[in-house]
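Colleague: Just to be clear, the model below is a prediction. Sequence and coordinates:
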Amino acid sequence: CPAIMGEVATTLPVVGSRFESEGFYGTVRYTGTLEGFVPEGTLWVGVEWDDPSRGKHSGVYKEKKYFECRVPGSGSFLRPDKVNKGVTFFEAVKGKYMPDLQEVDTNIEEMYVYTIREHKVPVQFVGREKAFEWFAGLGELRALVIPLMNVSMINPPPLLSHTFVKVREVDMRGNMLGSWEQVFSLAQQLPLLETLNVSSNKLAPLSHTPLPETSPFQEIRIFVINDVGITWSEIELLVPLLPKMRELHAGRNGLTTVSGPCQGMEELRVLDLDGNQLVDWAPIWKRFCELPCLEHVILNENQIQSITIYEDRDTNVPVDVTRPGSSAYFPSLQSISLNNNQISSWDSINMLNCISTLQNLRVQNNPFLVSVPRSLKRMMVVARIAKLRVLNGSTVTAIERVDSERTYIRMVQPHTPGEELDPAELAPPPLDPEFLKQHPRYADLIVKHGTPAETAPSPSPDMAGTEYLTVILRYEQKDVTKRVPPSMTVASLKQLVHRTFGIPLPQAPEEGPSGSTAARRKPERRLKGLELLYLAPTSSRSRDAFVFPEELSVDHEQLSYYGVGNRGTIVVRETFHD
């Protein structure tokens, strides 16, 4: 029946819009009939699934092509009643912030009627006062947080601008917006908006939407567009519309490059490109190295292979790594996150030491760390970057820095593989250019700490030829004397300490339901491990000399490596999880 078909057609989704069906999402690619389907005239919705595995074809029915799929085989035909077209922005806010209010008529004009003489008279109806009270409450909201609520449409003006007069933050992650036109409309109706998060809304290419003549993002400081399918060239088109942007989060968009003109983003402080497919560092350097305010760069989960700091933005001449902090670029950069990349050489870490302001670094799970013993990974990174204060989320203490730099001096001392080294015979290596290129901080560290012979712990005269040492274990206010072999490892000594003082074994922090043992345990008592500090016996040092404790930091090293001697004291300190 044509009349019925016409009525049903008005409920069909718009081609290009987003939809939900049984918890899965996709994009509408076609609406209409299928030639050869019985009964004739049956309406169908052709869709492309976000999850290609749900597809059954590529928009073809009985050898006729009805729509294209970006991913082959990701298409299906659904009946209209199986397609959830989503809700409007206003409906989602109503459901989140006023779920008990069943009906609110958003057309204020309909709250009045006109008399025969065209006088406007207010209509008194049940719930009218409650509706006005609700609207007044919405007017006080400063943040609208409506993630995962199937928002597919932005209400036309002026509803949102008249209702949400104080809103400065909108978080609508994981909804069903399908175009940048909708994002522009939302921002235009909320002129005070400072934070906008539209992550995981699969937006059509920006080229499909004309850019507005007047920027809708004039006040935006934090712009979050993770996983929206945008390209870097499209982001560059948006930059002039974001004059006050301080944070840009554009992760998981499949970006392969960030090349573009080095202009705009002058106010940017945080750049988050997590989870993309960036391989080449050079375009990142050229695009962002001159930004005056940039403080934090997040590049986790990419495929970056190396880091090079250049003498000039327009040349490919690397800086001199033997001059720490020599680069004038990245003038405000404080932290950079590079976890889970493909950095394969320590040269990249040496390069980072040339950024004079760098204090915070994350570099876990990169190939250059694979060949380094677990106990030395952190020490080697700390020693190579002079001003590093936080590594992989943990503070670099003054004691750790000294210990790391002294260990580094001993580790990089060249020697024949397998040769037993006598610390008393170690001498500084020739400071040839190739050595300094690989270890650019070595010369400065020698000046700071002395030669390898001077930094190596000195064995006690009483230790040579003895099978056992007498050491004092000090925990809190209690001293216990023990006899141990010089060949005992630090790990074994820690086990002895646990048994001697009854200290529980360390455990990783646990997460669990509120009623679980892990949740009831006091956070400050979750033991992370033991820290052992060695103090040489009084007889082996000057009575008035300052005693700098030697941390027994490497579990697999023997006590003899640290020069632990008879009557020396080992101070035990507990460390706890935050």
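Modeller: Looks like it came in fine. Numbering: from 1, shown residues only.

Colleague: tell me the contacts of the closest residue to Asn276 other than its chain neighbours?
Modeller: Spatial nearest neighbour of Asn276, chain neighbours left out: Leu255 (4.0 Å); criterion: CB to CB, 6 or more residues apart in numbering. In this view, the C-beta of every residue, glycine as well, is placed from N, C-alpha and C. Listed by CB atoms under 8 Å, 6 or more residues apart in numbering, the contact partners of Leu255 are 231-232, 273, 276-278.

Colleague: gap between the two ends of stretch 321-337?
Modeller: Separation of the first and last residues of stretch 321-337 by CA to CA, to the nearest Å is 20 Å.

Colleague: buried ones in it?
Modeller: 321-322, 324, 327, 329-330, 333-337 (16 or more other CB atoms under 10 Å).

Colleague: Can you tell me which of those end up in strands?
Modeller: Assignment to strands by DSSP state E places the following of the buried residues of stretch 321-337 there: 335-337.

Colleague: Residue ranges in the stretch 251-400 of the chain under the pLDDT threshold?
Modeller: Scanning the stretch 251-400 of the chain for pLDDT under 70 picks out 262, 324-326.

Colleague: for the ones in strands among the buried residues of stretch 321-337, which one is nearest Gln359?
Modeller: Ser335 (6.8 Å; CB to CB).

Colleague: who's that closest one bridged to?
Modeller: Beta-bridge pairing for Ser335 (DSSP bridges): His296, Asn360.

Colleague: Wait, it touches Val297, no?
Modeller: Yes. Taking CB atoms under 8 Å as the definition, Ser335 is a contact partner of Val297 at 7.4 Å.

Colleague: can you pull up the bridge partners for Thr33?
Modeller: Here Thr33, judged by DSSP bridges, has bridge partners Leu43.

Colleague: report the longest helix in this structure, please.
Modeller: helix 398-412 (DSSP state H).

Colleague: which helices and strands sit right next to it?
Modeller: helix 374-384, helix 442-449, helix 452-455, strand 550-551 (3 or more CB pairs under 8 Å, 6 or more residues apart in numbering; DSSP states H and E).

Colleague: tilt between the first one and helix 442-449?
Modeller: Okay, so that is helix 374-384. Orientation note: helix 374-384 sits at an angle of 90 degrees relative to helix 442-449 (axes from the mean of the first three to the mean of the last three CA atoms, to 10 degrees).

Colleague: Quick one: name whatever helix or strand follows helix 374-384.
Modeller: Using DSSP states H and E, the helix or strand that follows helix 374-384 in sequence is strand 390-391.

Colleague: Okay, now the sheet partners of the helix or strand that that following strand is followed by, with direction.
Modeller: Going down the chain from strand 390-391, the next helix or strand is strand 394-395, by DSSP H and E. In the sheet, strand 394-395 lines up against strand 390-391 (antiparallel) (DSSP bridges).

Colleague: wait, what's in contact with Leu193?
Modeller: Leu193 sits in contact with 167-170, 187, 217, 219-220, where contact means CB under 8 Å, 6+ apart.

Colleague: Could you export the residues you listed to JSON lines, including columns for neighbour count and distance to Leu159?
Modeller: JSON lines is the format used below for these (neighbours: other CB atoms under 10 Å; distance: CB to CB, whole Å):
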{"residue": "Val167", "neighbour count": "24", "distance to Leu159": "13"}
{"residue": "Arg168", "neighbour count": "17", "distance to Leu159": "18"}
{"residue": "Glu169", "neighbour count": "18", "distance to Leu159": "19"}
{"residue": "Val170", "neighbour count": "22", "distance to Leu159": "15"}
{"residue": "Ala187", "neighbour count": "22", "distance to Leu159": "15"}
{"residue": "Phe217", "neighbour count": "23", "distance to Leu159": "20"}
{"residue": "Glu219", "neighbour count": "18", "distance to Leu159": "20"}
{"residue": "Ile220", "neighbour count": "21", "distance to Leu159": "21"}
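
Colleague: Nearest to Glu22 among those residues?
Modeller: Of all the contacts of Leu193, Glu22 sits closest to Val170, with 27.8 Å by CB to CB.

Colleague: what's the closest non-adjacent residue to Thr257?
Modeller: Pro283 (5.2 Å).

Colleague: if I read this right, Met380 contacts Arg374, doesn't it?
Modeller: No. Counting by CB under 8 Å, Met380 sits too far from Arg374 to count as a contact (11.4 Å).

Colleague: Same drill for those two, tell me which one is more crowded.
Modeller: Met380 (19 against 10; other CB atoms under 10 Å).

Colleague: residues touching that one, list them.
Modeller: Contacts of Met380 (CB under 8 Å, 6+ apart): 346, 372, 404, 408, 411.

Colleague: circling back to that earlier point, which phi and psi does the residue nearest to Thr257 have?
Modeller: phi -60, psi -30 (degrees, to the nearest 10).

Colleague: close enough to count as contact, it and Leu273?
Modeller: No. In this structure, Pro283 is not within contact of Leu273 by CB under 8 Å, at 11.2 Å.

Colleague: Give the residues shared as contacts by these two.
Modeller: With CB under 8 Å, 6+ apart, Pro283 and Leu273 have common neighbours Val258.

Colleague: higher neighbour count, these two?
Modeller: Neighbours per residue (other CB under 10 Å) separate Pro283 from Leu273, with Leu273 holding more: 24 against 16.

Colleague: phi, psi of that one?
Modeller: phi -120, psi 40.

Colleague: and it, how far is that from Gly254?
Modeller: Using CB to CB, to the nearest Å, Leu273 is found at 11 Å from Gly254.

Colleague: Could you do Gln189 as well?
Modeller: 30 Å.

Colleague: more neighbours, those two?
Modeller: Taking neighbours as other CB under 10 Å, Gln189 and Gly254 compare with Gln189 leading, 22 against 11.

Colleague: Now for that one: which residues touch it?
Modeller: So Gln189 contacts 154, 157-161, 164 (CB under 8 Å, 6+ apart).

Colleague: Can you check the pLDDT for it?
Modeller: Gln189 is assigned a pLDDT of 97 by the prediction.

Colleague: One more: Leu533?
Modeller: According to the prediction, Leu533 has pLDDT 87.

Colleague: what's in contact with the host helix or strand of it?
Modeller: If you go by DSSP H and E, Leu533 is part of strand 527-535. The contact list for strand 527-535 (CB under 8 Å, 6+ apart) reads 457, 490, 493-494, 497-498, 503-507, 547, 549-552, 562-564, 568-577.

Colleague: run the last query once more with 7 Å
Modeller: 490, 493-494, 497, 504, 506-507, 547, 549-552, 562, 564, 568-577 (CB atoms under 7 Å, 6 or more residues apart in numbering).

Colleague: same question, stretch 474-493
Modeller: The contact list for stretch 474-493, computed with CB under 7 Å, 6+ apart, reads 463, 466-473, 496, 500-501, 532, 552, 554-560, 569-572.

Colleague: Take those residues and keep only those in helices.
Modeller: Reading helices off those with DSSP H, I get 496, 500-501.

Colleague: Thank you kindly, that will do.
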